[in-house]
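S.K.: Model the structure of this input:
(chains A and B, ligands or ions: 1)
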Amino acid sequence: MKIPTSGRWPRFALRRAARLLVSLWVLVTAAFLMIHLVPGDPVRAALGPTAPADLVLARKQELGLLEPLWRQYVTFLRHLLNGELGVSISSRLPVGETIAQRLPATAQLAVAAFLLAVAVAVPVGVVMAMLTRRGRGRRTELAFTGTNVVVGAIPDFLLGVGLVYLLAVQTHLFPVAGRDGLDSYVLPVLALAIGPAAVLSRIVRVEMLAVLETDYVRTARAKRLTSLRVHLVHALPNAVTASLTLGGLLLSSLVAGTVLVENVFAWPGLGSSIVSSIVAKDYPMVQGTVLVYGAGVLLVNTLVDVVLALLDPRSAIGES
Amino acid sequence: MRAARVLLRPVGFAGFGLLTLVLLAAAFGPVLWGGRAAAVDTGNLLAGPSAEHWIGTDNLGRDLFARVLVAARLSIVLAVAATAISLVLGILLGAAPMLLGRRLGRLVTSAVNVLVAFPGLLLVLFFAVVFGVGARGAALAVGVAGAPAFARLCHTLMAAVSERDYIAVARIAGVSRIRVLLRHVLPNVAEPLIVNATMAAGGVLLTFAGLSFLGLGVQSPSYDWGKLMQDGLNGIYVHPLAALAPGIAVVLAGLAFNLTGEAFAAVFGLGDLPGGARSLEEPREPVAATPAVPGTVLSVEGLRVTIPGPAGPIRAVRGVTFALSDGEAVGVVGESGSGKSLTALAVAGLIEPPVRVEADHLLVAGEDLMAAGAHRRLGTSLAIVFQDPMTSFNPAHRVGPQLAEVSRFHQRMGRKAALARAVDRLRAVRIREPERRARQYPFEFSGGMRQRAMIGMGLMGDPRLIIADEPTTALDVTVQRQVLELLAEVRRDTGAALLLISHDVSVVTDVCDRVLVMYAGRVVEELPAKDLRTLARHPYTRALVAAVPDMDTDLSRPLAVIPGLPADPVHVPAGCAFAPRCPLADDHCRAVAPALVAGVACHKSTEVPV
Ligand code: SF4
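M.R.: This is a model prediction of the structure:
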């Protein structure tokens, strides 16, 4: 889509960028403060009660915890700008390296699951709206919303366990765990996508129903276009625009959902490493991972807003 | 009682039933099955389901069914505790603008807005680091992580409540902020808060299960459902039920909270659940087939529009017959609810099921609406102008292409040619800089411009008939004039006939040749527009005209109004529908409906002094 002329786009870009920067700053500061919020002595807790006192002291020195807080903050920011995320307490490897190694596996999961969810939810929602419009197809409607509520209520990791049982243990169709070949993607992606697909298709249906009652769809019908054209060209873009706002929330929760699903499938991504680092109290590692996840979510949200503004130019000026 | 109504809905019934079961298990599970759940049976390690152990045993030979039931208490208690933490923190944060004053409050609100953007699980993990691994740490983490969402909800709810007068009064009377919050604000937002908390508890239950499943929540030897799942997952090859059974318990318990909350929300009118009473009527197309009369652009006979309703069908249009010859301008006037707009929509073929349109004969723009393909041909021969120009354009498309679509679709024009015609038509309806305007979105147009563009859209084809449904009602007075002049001009240029629907008698007399007066779904009088003010014979028409000031009206006297209410379309009286409001009504009027004879439907038309 070509970008319309006039001055609202720079203003929109500026405002959205400012929001992103503020959110990023909150994220970075929270990640920095995390270790300081831990009650007691975090390094002692990480190394265990039997660790010698001078080792604890050395580690503290290394983490810079003996400096005044403001100087720690400045150092932290400076390192962050250089892309340095510190060194893991347990593995002694640079955190950035570990994350770079594991991030692709997680990103692949999230993106694949999102695309699948949208690819399923939009057609299903549209068809359901057409079938159940104005009190038609009551039974279809009941079946659809019923399944939808139940499926939407099952968390992704439970779906994962169920899928493993049905499609890996019972039928040996797909591998139980690990990341090895295309086969191994099927179950984790399904586990992640099914819930969002259910919720999204419900939203698409409701939005579509609302859009089909609008004056401009009546105008489109007054133009005597084919029903297909009325639905796809005139109604759908507006329904999708409205669904997208909520879809964006789904996408960012999907990013977080990878944590659980990765643990079900022993997926070598960030999700399994953040959990083990939390258990091991490997603070630099947790900090780095939280930053990456948080930044990912913020970028997704920004992206959704930009797409939204392109699809529906009113949203670029509408919000205050 | 409202609570009783919750139980009457299937969703509420299922939710409540499940919730009762779950709570009973939480209350009595450890008492009843605690011993069984802890009994180690070394002869029966990791056993499958049997009569003795319904879903088998774990790696120490302990009965899994008992363990799932016992785990209910810890799972529910932790979920409720975490929800309570979220709720309390959320209320405090949400009330910040009220408690801390505007500046600090705004700071808190924007902080909350930043936090809400992060998914819950991420916040949970963050706080899990701070509060440490274990049941207590996890409860705190889940509770704190849930606070922003509640804070936003509270903020919205409280903002609405604090606008109310009695709160302002209390504040002016010097009641302390905390007291205002506790005594006046909280009780008013309690209902939606509790409903939301119930639903949130379902979500928290699932999150908690997730945390324990990851090994960040409940630690051995304690166990909740998540912990049981974690233990079971490793053995999923040998003993799948060990992982699945606690999972099913989690989903059921989560659903119990969710459904109960949703059922309450529906009864309290907080949100809408799908469902509710709607009538099911098979759609039926208009029935008719009479050859076209030359020179007639619109001919309607016995048009009926029926809307299915909970109290029986509403007969909104009850047998309307009229015709328009080429180039004629006919107005339809009447109060709202007289069926005039539905008549227009029915004629335009824009009424959808379950609303039903029937007619003995329906000929529009020279097309018999019953014939195949007629509908499509109307795309170029019939132009329609709707009431609200603000909502009649598709907000997602630019104006030019929306006009061009008509030519592209019906006249098979190329993109360029169609757009050029659109620009030309925009110029024809006097939109300045049409090239630039065509590239803009509808929201960049003013109301009057949109209405002119809508007329321009009708001119993309070669209209024989223009149907305009209250085209000026939504516009400013000065703009109204321009749009009416444009319509007149378009008619001069194209020779199209006009069917103008309006509640405004003066608009109709200005623009039209002939007027139909509608009341309660029927035409009650039909007369030349110039005679409307002076020669009307039907008492309703005369009342309608009298209610409009004109140059002869003595403005020092109060305006006449039509006494009484418009007829209720569900219970149309047997005789003349206007009888309850008519000064001349007698028993004959109330018993027998007058037919439209010689342009008027009134038993006493001859008696009315002209
Ligand atoms: S028929 Fe009777 S009640 Fe009806 S308008 Fe005429 S006089 Fe009035």
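S.K.: what's B:D326 sitting at in phi/psi?
M.R.: B:D326 adopts backbone torsions of phi -50, psi 130, taken as degrees, to the nearest 10.
S.K.: And the one 3 residues further on, by the same measure?
M.R.: Note on B:A329: backbone dihedrals following degrees, to the nearest 10 are phi -110, psi 120.
S.K.: Next secondary structure after the one helix or strand in chain B whose mean pLDDT sits lowest?
M.R.: When the helices and strands of chain B are scored by mean pLDDT, DSSP states H and E, helix B:2-8 comes last with a mean of 61. Proceeding N to C from helix B:2-8, the next assigned helix or strand is helix B:10-38, under DSSP states H and E.
S.K.: How far away from the center of its chain is that following helix?
M.R.: Centre-to-centre, helix B:10-38 and its host chain are 38 Å apart (C-alpha atoms, centre = their mean, to the nearest Å).
S.K.: tilt between the helix or strand that comes right after that helix and helix B:10-38?
M.R.: Moving toward the C-terminus from helix B:10-38, the next helix or strand (DSSP H and E) is helix B:64-94. Counting by axes from the mean of the first three to the mean of the last three C-alpha atoms, to 10 degrees, helix B:64-94 lies at 120 degrees to helix B:10-38.
S.K.: Can you name every helix or strand that helix B:64-94 contacts?
M.R.: Applying 3 or more C-beta pairs under 8 Å, 6 or more residues apart in numbering or on different chains; DSSP states H and E, one finds that helix B:64-94 contacts helix B:10-38, helix B:102-116, helix B:135-162, helix B:186-214, helix B:225-233, helix B:241-268. The way it works is simple: take the backbone N, C-alpha and C, and place the C-beta from them, glycine included.
S.K.: out of those helices, which comes closest to A:V261?
M.R.: Proximity to A:V261 (C-beta to C-beta) singles out helix B:186-214 among the helices and strands packed on helix B:64-94, at 10.2 Å.
S.K.: Just the local confidence number for B:A81, please.
M.R.: Note on B:A81: pLDDT of 91.
S.K.: how much space is there between A:A112 and chain B?
M.R.: A:A112 sits 18 Å away from chain B, going by C-beta to the nearest C-beta, to the nearest Å.
S.K.: Remind me which helix or strand that residue belongs to.
M.R.: Going by DSSP H and E, A:A112 is in helix A:95-131.
S.K.: Averaged pLDDT, that helix. What do you get?
M.R.: Across helix A:95-131, the average pLDDT comes to 87.
S.K.: Next SSE downstream of that helix?
M.R.: Downstream of helix A:95-131, the next assigned helix or strand under DSSP H and E is helix A:138-153.
S.K.: Chain neighbours aside, what residue packs nearest to A:Q170?
M.R.: Of all residues not flanking A:Q170 in the chain, B:P240 sits nearest, at 8.0 Å (C-beta to C-beta, 6 or more residues apart in numbering or on different chains).
S.K.: which residues does the one you found contact?
M.R.: Taking C-beta atoms under 8 Å, 6 or more residues apart in numbering or on different chains, we find B:P240 in contact with A:Y165, A:V169, A:Q170.
S.K.: pLDDT at the nearest residue to B:L259 once chain neighbours are set aside, what is it?
M.R.: Leaving aside its chain neighbours, B:L259 sits nearest to B:G15 (2.9 Å; criterion: C-beta to C-beta, 6+ apart). Note for B:G15: predicted pLDDT of 77.
S.K.: Which single residue in chain A comes nearest to the ligand?
M.R.: Going by C-beta to the nearest ligand atom, the ligand is nearest to A:R218 of chain A, at 34.2 Å.
S.K.: Determine the number of other residues adjacent to that residue.
M.R.: For A:R218, the count of nearby residues is 21 (other C-beta atoms under 10 Å in any protein chain shown).
S.K.: Likewise for A:L14?
M.R.: Using other C-beta under 10 Å: A:L14 sits among 10 other residues.
S.K.: just B:L255 next, same as before
M.R.: By other C-beta under 10 Å, 21 other residues sit near B:L255.
S.K.: so it touches A:V150, yeah?
M.R.: Yes: counting by C-beta atoms under 8 Å, B:L255 does reach A:V150; the two are 6.9 Å apart.
S.K.: any residues in contact with both of these two?
M.R.: Joint contacts of B:L255 and A:V150 (C-beta under 8 Å, 6+ apart) do not exist.
S.K.: rewinding a little: how close does the residue nearest to A:Q170 get to B:L69?
M.R.: Note on B:P240: its distance to B:L69, by C-beta to C-beta, to the nearest Å, is 19 Å.
S.K.: A:Y73 too?
M.R.: For A:Y73, the distance to B:L69 - C-beta to C-beta - is 50 Å.
S.K.: closest point of the stretch 151-300 of chain A to chain B, which residue?
M.R.: A:R224 (3.4 Å; C-beta to the nearest C-beta).
S.K.: how near is that residue to A:V230?
M.R.: In this view, A:R224 and A:V230 are 10 Å apart by C-beta to C-beta.
S.K.: Please apply the same query to B:H538.
M.R.: From B:H538 over to A:V230 the distance is 40 Å, taken as C-beta to C-beta.
S.K.: the more surrounded of those two?
M.R.: Neighbours were tallied for B:H538 and for A:V230 using other C-beta under 10 Å; the higher tally belongs to B:H538 (25 against 19).
S.K.: thinking again about what came up before, and the helix holding A:A112, what does it pack against?
M.R.: Other helices and strands packing on helix A:95-131, by 3+ C-beta pairs under 8 Å, 6+ apart, are helix A:138-153, helix A:183-212, helix A:236-264, helix A:270-279, helix A:283-311.
S.K.: So the shortest one, near chain B or not?
M.R.: When you say that, I think you mean helix A:270-279. Yes: using C-beta under 8 Å from any C-beta of the partner chain, helix A:270-279 reaches chain B at A:I274, A:V275, A:I278, A:V279.
S.K.: With only the CA atoms kept, save stretch B:513-525 in PDB.
M.R.: Extracted in PDB, the C-alpha atoms of stretch B:513-525 (Å, rounded to 0.1, in the frame of the first residue of the first chain):
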ATOM      1  CA  ASP B 513     -43.600  16.800  -8.100                       C
ATOM      2  CA  ARG B 514     -45.700  14.500  -6.100                       C
ATOM      3  CA  VAL B 515     -45.900  13.400  -2.500                       C
ATOM      4  CA  LEU B 516     -46.800  10.100  -0.800                       C
ATOM      5  CA  VAL B 517     -47.700  10.400   2.900                       C
ATOM      6  CA  MET B 518     -47.100   7.200   4.900                       C
ATOM      7  CA  TYR B 519     -48.500   6.300   8.300                       C
ATOM      8  CA  ALA B 520     -48.000   2.900  10.100                       C
ATOM      9  CA  GLY B 521     -46.800   1.100   7.000                       C
ATOM     10  CA  ARG B 522     -49.400   2.300   4.600                       C
ATOM     11  CA  VAL B 523     -49.700   5.200   2.100                       C
ATOM     12  CA  VAL B 524     -52.500   7.300   3.500                       C
ATOM     13  CA  GLU B 525     -52.500  10.100   1.000                       C
END
